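# how would this look folded up:
(2 chains)
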Amino acid sequence: MNDEVKILIVDDEQIVRDSLKHWFEEDGYKVDVSEDAFDVLRDFKPDKWDILLVDIKMPKMSGLELLEKVKEIDPESVVIIITAYASVPTAVQALKNGAYDYVTKPIDPDELSHLVKKAIKQKNLSRENIALKASIDEMLNLEDLVGESPEMKKVFDLIQMVAKQDTTVMIRGESGTGKELIARAIHINSPRKYYPIIPVNCGAFPESLLESELFGHEKGAFTGAQYRRKGKIEMADGGTLFLDEVGSISPKMQVELLRVIESKQFNRVGGNDLIKVNFRLISATNESLEKLVEAGNFREDLYYRLNVFTIYVPPLRERRSDIPILANFFVNKFSRVMNKSIRKISNEAMDILLKYDWPGNVRELENAIERAMVIGKPPEIVPEDLPFQIDKGNNNSNDSISDMEKSHIRKVLSKYNWNITQTAAALKIDRVTLYNKINKYGLKKT
Amino acid sequence: MPAAAVVLFNFSNSSYVHRVIELLKSNFNLDSEVIHPLINPSEFYSSERDQYYSTKILEKVIRAYDDRYDKILTLTDHDLFVPVLTFVFGEAQLTGKAAIVSSHRLHQEFYGLPSDDEVLLQRLEKEVLHEIGHTFGLKHCIDWNCVMHSSSNVDEIDIKPKDFCKTCSKKIPSL
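Numbering: from 1, shown residues only, chains lettered A, B, ... in the order given. A predicted model of the protein is given here:
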């Protein structure tokens, strides 16, 4: 209703103030008037008035100056500039400085009426938008991204660092380490958070299906294409495209993908129209892309396009201090979901969890706890509730060949002060292989 | 019974005055008296705009007839303005005594169309009800089916009916 709308008229001419006040009051608006921009600024607070009608030419402070100062305090404020015919160029300047619109004196009543109605709509939309964003922000939480180990803190720091930029990110880590969660964390901390993040598991589709999945298709593009369908790239417009298992993309699709990444435009399958898109790309892999490049199975140019900023998610066995935190987190999560009063893990069961190597990483731990919650009885999870292979699977032996390899590489790296070229030469392997092994064993310079 | 003055300030459509008086009676229970004032039009005239300043006219008639009438309605053929707006169809004191309505922009001829007395009368009646409605404290109504709906062009006057909606009717004390 109009009586909820507050208008402020700022004009040094009393006749203008009175006429406009009267005109707006007949419409039921609440109207304040002021002859002095300084008085306005003294009282100005965001949302005090819905619309400000400001004369451009005033003796002490010009309307343009007032506009600037008001916008500094409240960028969402709606300011309509009133100007004489002679000062239209200044009014245009006002638009550039953020004025909602301008009207020339004398004002056409029809124009003023429509302008004010439009401005109120805009103000309401902008308020709704702010409220919706706030509620989305509340909904957007990444409670599953848990970890307090130094390794995970480093990952969180990297997420914060890169999220605000529009940089292409590659997330590397073993299967089950939570790469998609990392991608989502980057997305919701980025300016693109109000647009979608579209995940595509590239490993889940054969080449022809992946093409249609990514690029969409026109009606009749192939047998069974009964309707035009948007692809994931088009759906990610404005937001983030997350390509998981990017190493499994076929050479033909690599070319297509490279073209889209470079030009940010593409054709739907069977279509002629060039579609422009604007998305941020995050990819993830658990494979050694370097090895794939070396073997000629992955394009080097695409590799460099994707590998701009890398986040390495350490496997769970390299951050064992996170195991109790994660395990307890999953107990709480599943007790809520299953409505079961199991609230903790016994010391014996926790010992088993801590000793296990978790080749399936966080996903395996989550599954193990879910299973234990299903078969377990309150008040706590006991060793018998854990999956058989975990119970038995204390594979933390130091006698395996891989343990010896890991220990040897660490020793040689230390000897050469982590100089990769010298270490690789001493080990008689190439640098890429050394990098892969460092990644595989999670070796860190201390 | 409340009394109204119908002040004819260069208003040539005298045949409509009777209808206006009937309207004031039926809608506001006002007994009207027609007045031909002796006022100098040049006092309100702007040669720059070739229009008459409605607020000043209202001030003048109030000074002249305030003590004798409960409502003062001025009808004129002159084109009216308030300084900040290009024109007004009329003006009224919100919760006050005086209102003015101009027929100038209500004529079809003003828009290059053939003259139509019935259209002119309909528009005039709606504007009279609208402006006198303001003097009873009525503000613009969001209901398009109410004569108090705001109109900044003749199309909007034509769309709305010659009646008050229920909510606005209740606010007029004499009804």
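
# what about the residue of chain B most remote from its centre, which SS state?
Within chain B, the residue lying farthest from the chain centre (C-alpha atoms, centre = their mean) is B:E48, at 24.1 Å. Classification of B:E48 using DSSP: H, G, I helix; E, B strand; the rest coil returns coil.

# what about the longest helix seen in chain A and chain B, touching?
If you go by DSSP state H, chain A has its longest helix at helix A:109-139. Yes - applying C-beta under 8 Å from any C-beta of the partner chain, one finds helix A:109-139 touching chain B at A:109-110, A:112-113. (Glycine included, C-beta is placed from N, CA and C.)

# Buried subset of these, written for ChimeraX?
In ChimeraX, a selection of the buried entries from the residues of helix A:109-139 next to chain B looks like this (16 or more other C-beta atoms under 10 Å in any protein chain shown):
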select /A:109,110,112,113
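
# so which pair among the residues of helix A:109-139 next to chain B is furthest apart in space?
Greatest spatial distance among the residues of helix A:109-139 next to chain B (C-beta to C-beta): A:D110 and A:L112, at 7.4 Å.

# shared neighbours of those two, anything?
B:S152 (C-beta atoms under 8 Å, 6 or more residues apart in numbering or on different chains).

# quick one: low-confidence ranges for the stretch 51-200 of chain A?
The model of the stretch 51-200 of chain A has pLDDT under 70 over residues A:85-86, A:135-144.

# how about the residues of it near chain B?
A:82, A:105-110, A:112-113.

# from those, which single one is nearest A:L95?
Here the nearest of these to A:L95, counting by C-beta to C-beta, is A:I82; it sits at 13.3 Å.

# so the closest one sits right up against A:D11, yeah?
Yes - counting by C-beta atoms under 8 Å, A:I82 touches A:D11, with 6.7 Å between them.

# Distance check, the residue most central in space within chain B against chain A.
In chain B, the residue lying closest to the centroid (C-alpha atoms, centre = their mean) is B:V101, at 2.9 Å. For B:V101, the distance to chain A equals 14 Å [C-beta to the nearest C-beta, to the nearest Å].

# mind saving the C-alpha coords of stretch A:105-116 as PDB?
Output of stretch A:105-116 as PDB, limited to C-alpha atoms (Å, rounded to 0.1, in the frame of the first residue of the first chain):
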ATOM      1  CA  LYS A 105      10.800  20.300 -14.800                       C
ATOM      2  CA  PRO A 106       7.900  20.900 -15.300                       C
ATOM      3  CA  ILE A 107       7.200  17.200 -14.900                       C
ATOM      4  CA  ASP A 108       4.500  15.400 -16.800                       C
ATOM      5  CA  PRO A 109       2.200  14.000 -14.200                       C
ATOM      6  CA  ASP A 110       1.700  10.800 -16.200                       C
ATOM      7  CA  GLU A 111       5.500  10.300 -16.400                       C
ATOM      8  CA  LEU A 112       6.000  11.100 -12.700                       C
ATOM      9  CA  SER A 113       3.200   8.700 -11.700                       C
ATOM     10  CA  HIS A 114       4.600   5.800 -13.700                       C
ATOM     11  CA  LEU A 115       8.200   6.600 -12.700                       C
ATOM     12  CA  VAL A 116       7.400   6.500  -9.000                       C
END
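
# what sits up against it?
Stretch A:105-116 has contacts (C-beta under 8 Å, 6+ apart) with A:7, A:16, A:23-24, A:27, A:51, A:80, A:82-85, A:101, A:103, B:49, B:81, B:83-88, B:150, B:152-153.

# now stretch A:126-134
Counting by C-beta under 8 Å, 6+ apart, A:76, A:194 sit against stretch A:126-134.

# what distance separates it from the middle of the whole chain?
Distance of stretch A:126-134 from the chain centroid (C-alpha atoms, centre = their mean, to the nearest Å) equals 18 Å.

# And for stretch A:161-178?
With C-alpha atoms, centre = their mean as the basis, stretch A:161-178 stands 11 Å off its chain's centre.

# mind listing what's buried in it?
A:162-163, A:168-174, A:176-178.

# Any stretches of chain B with poor pLDDT?
Low-confidence segments of chain B, defined by pLDDT under 70: B:1, B:174-175.

# hmm, which of the contacts of stretch A:105-116 are the buried ones?
Among the contacts of stretch A:105-116, those classed as buried by 16+ other C-beta under 10 Å are A:7, A:16, A:23-24, A:27, A:51, A:80, A:82-83, A:101, A:103, B:81, B:83-88, B:150, B:152.

# Okay, and which of those map to helices?
A:16, A:23-24.

# circling back to that earlier point, nearest spatial neighbour of the residue nearest to the centre of chain B, chain-adjacent residues omitted?
Nearest residue to B:V101 in three dimensions, chain neighbours excluded: B:G90, at 4.0 Å (C-beta to C-beta, 6 or more residues apart in numbering or on different chains).

# I'd like the distance between that neighbour and chain A.
11 Å.

# picking up where we left off before, how near is the residue farthest from the centre of chain B to B:P83?
11 Å (C-beta to C-beta, to the nearest Å).

# Please apply the same query to A:D101.
21 Å.

# same deal with B:V119?
30 Å.

# again, but for A:N339
Using C-beta to C-beta, A:N339 is found at 72 Å from B:P83.

# Show me where chain B has its strands.
Taking DSSP state E as the criterion, chain B carries its strands at B:3-9, B:31-35, B:45-46, B:51-53, B:71-76, B:80-81, B:90-92, B:98-102.

# Let me know the helix or strand that A:Y312 is in.
Per DSSP states H and E: A:Y312 is located in strand A:309-313.

# Direction included, what does that strand pair up with?
According to DSSP bridges, strand A:309-313 forms sheet pairs with strand A:169-173 (parallel).

# Show me what the following helix or strand past the partner strand is in contact with.
Next along the chain after strand A:169-173, taking DSSP H and E as the criterion, comes helix A:179-188. Residues outside helix A:179-188 that contact it (C-beta under 8 Å, 6+ apart): A:140, A:142, A:144-145, A:155-156, A:159, A:162-163, A:169, A:171-173, A:193, A:197, A:199, A:239-240, A:242, A:244, A:280, A:282, A:284, A:286, A:311, A:313.

# Which among these count as buried?
Neighbour-count burial (16+ other C-beta under 10 Å) applied to those gives A:144-145, A:155, A:159, A:162-163, A:169, A:171-173, A:193, A:197, A:199, A:239-240, A:242, A:244, A:280, A:282, A:284, A:286, A:311, A:313.

# Buried residues, the helix or strand encompassing A:K252. List them.
In the assignment (DSSP H and E), A:K252 maps to helix A:251-263. Across helix A:251-263, burial judged by 16+ other C-beta under 10 Å covers A:253-254, A:256-258, A:260-261.

# immediately after that helix, which helix or strand?
Next in sequence after helix A:251-263, counting helices and strands by DSSP H and E, comes strand A:265-267.

# Which strands and helices lie in contact with the helix or strand following that next one?
Next helix or strand after strand A:265-267 toward the C-terminus (DSSP H and E): strand A:274-276. Packing partners of strand A:274-276 (3 or more C-beta pairs under 8 Å, 6 or more residues apart in numbering or on different chains; DSSP states H and E): strand A:265-267.

# strands paired with the strand it packs on, and their directions?
Sheet pairing for strand A:265-267, using DSSP bridges, gives strand A:274-276 (antiparallel).

# What helices and strands are in contact with the following helix or strand past the strand it pairs with?
Sequence-wise, the next helix or strand downstream of strand A:274-276 (DSSP H and E) is strand A:280-285. Counting contacts by 3+ C-beta pairs under 8 Å, 6+ apart, strand A:280-285 is packed against strand A:169-173, helix A:179-188, strand A:240-244.
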